[in-house]
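Undergrad: predicted coordinates and the sequence they were generated for:
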Amino acid sequence: MTASQSAPPAGVVLSAFPEATLAAGAPMYRSHGTAHGAWYYDNGVEGRFNLHGARGTCCTALSVDTAVRERIRGRVSRKGVVSRALADSFVVSVVSAPTEHRCAAVNDVAAAKHGIVRELTTMSDYSIPQAWAQAFEDAGYGGVLYGSAFTTGSPDAYALFGDAGAPSAHAGHTATRHLSGEDACRALGWTVANTPVTGGMNIV
């Protein structure tokens, strides 16, 4: 089966694309490595909506569930078991951005009129959603609101755009440690095991 989601055409006009506003100071959740700060705008190739070069993307969520599932992805067993090493490798922080973000709402029903289908948020070829992220950035959007491929329900994941790397300590981004990785996994009903975990989770 070939992908039905294509990259944005050259010169795409997105001024009427459906949008959602993330208010300045609105609380969000972010799972991140224990040795790193919560805020980091990644410009690598491994993030679905990552920008590149001097700009990057920081992914957050409106729920602990989504923040943790985005971090763990397929590394939980079918029986809901997570390895101790994985659970100990991250924490969940409550974060907020200092400015309002006008975000492209890619799961809005009207997004289909602009060439976007649900596959954008689940496809394994990240080059296409990254191209859309760049198109949204070029059109003046400050990020993307989307439904995580690892959850169900209403879209509650954000991909926020900013200068690549960690923001200045004086920029106004806030972050407070909320849960250890172990507590976060247990909050989702998972078991943290001291032995290696086999049998990954299937995403359907």
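TA: All right, it came through fine.
Undergrad: so for the longest helix anywhere in the chain, mean pLDDT?
TA: If you go by DSSP state H, the chain has its longest helix at helix 127-138. The average pLDDT within helix 127-138 is 98.
Undergrad: pull out the buried positions in that helix.
TA: For helix 127-138, the neighbour count (16 or more other C-beta atoms under 10 Å) marks Ile128, Pro129, Gln130, Trp132, Ala133, Gln134, Ala135, Phe136, Glu137 as buried. All C-beta atoms are positioned from the backbone trio N, CA, C, and that covers glycine.
Undergrad: next one: Asn194, what pLDDT does it get?
TA: We have a pLDDT of 88 for Asn194.
Undergrad: residue contacts, it?
TA: Neighbouring residues of Asn194 by C-beta atoms under 8 Å, 6 or more residues apart in numbering: Arg84.
Undergrad: distance check, it against Ala105.
TA: 42 Å (C-beta to C-beta, to the nearest Å).
Undergrad: same deal with Asp125?
TA: Asp125 is 22 Å from Ala105, by C-beta to C-beta.
Undergrad: which of the two has more neighbours?
TA: It is Ala105, of Asp125 and Ala105, that has more neighbours when counted by other C-beta atoms under 10 Å, with 19 against 11.
Undergrad: ok, that one - contacts?
TA: With contact taken as C-beta under 8 Å, 6+ apart, Ala105 is in contact with Phe17, Pro18, Glu19, Ala20, Ala111, Leu145, Pro155.
Undergrad: got a winner among those residues for most neighbours?
TA: Leu145 (25 neighbours).
Undergrad: in terms of contact, does that residue touch Asn107 like I think?
TA: Yes - using C-beta atoms under 8 Å, Leu145 makes contact with Asn107 at a distance of 7.4 Å.
Undergrad: if I look at those two, which residues touch both of them?
TA: Pro155.
Undergrad: most centrally placed residue in the protein?
TA: Among the residues of the chain, the smallest C-alpha distance to the mean C-alpha position (C-alpha atoms, centre = their mean) belongs to Cys59, namely 3.6 Å.
Undergrad: and the angle from the host helix or strand of that residue to helix 127-138?
TA: Using DSSP states H and E, Cys59 sits in strand 55-61. Going by axes from the mean of the first three to the mean of the last three C-alpha atoms, to 10 degrees, strand 55-61 is angled at 100 degrees with respect to helix 127-138.
Undergrad: I'd like to know which elements strand 55-61 is packed against.
TA: strand 28-33, helix 64-72, strand 157-163 (3 or more C-beta pairs under 8 Å, 6 or more residues apart in numbering; DSSP states H and E).
Undergrad: now these in CSV, with mean pLDDT, distance to Leu179 and mean neighbour count?
TA: Below are those laid out as CSV (pLDDT from 0 to 100; distance: least, C-beta to C-beta, whole Å; neighbours: other C-beta atoms under 10 Å):
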stretch, mean pLDDT, distance to Leu179, mean neighbour count
strand 28-33, 97, 9, 22
helix 64-72, 96, 7, 22
strand 157-163, 98, 18, 22
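Undergrad: which one of those lies closest to Phe150?
TA: Smallest distance to Phe150 across those (C-beta to C-beta): 4.1 Å, for helix 64-72.
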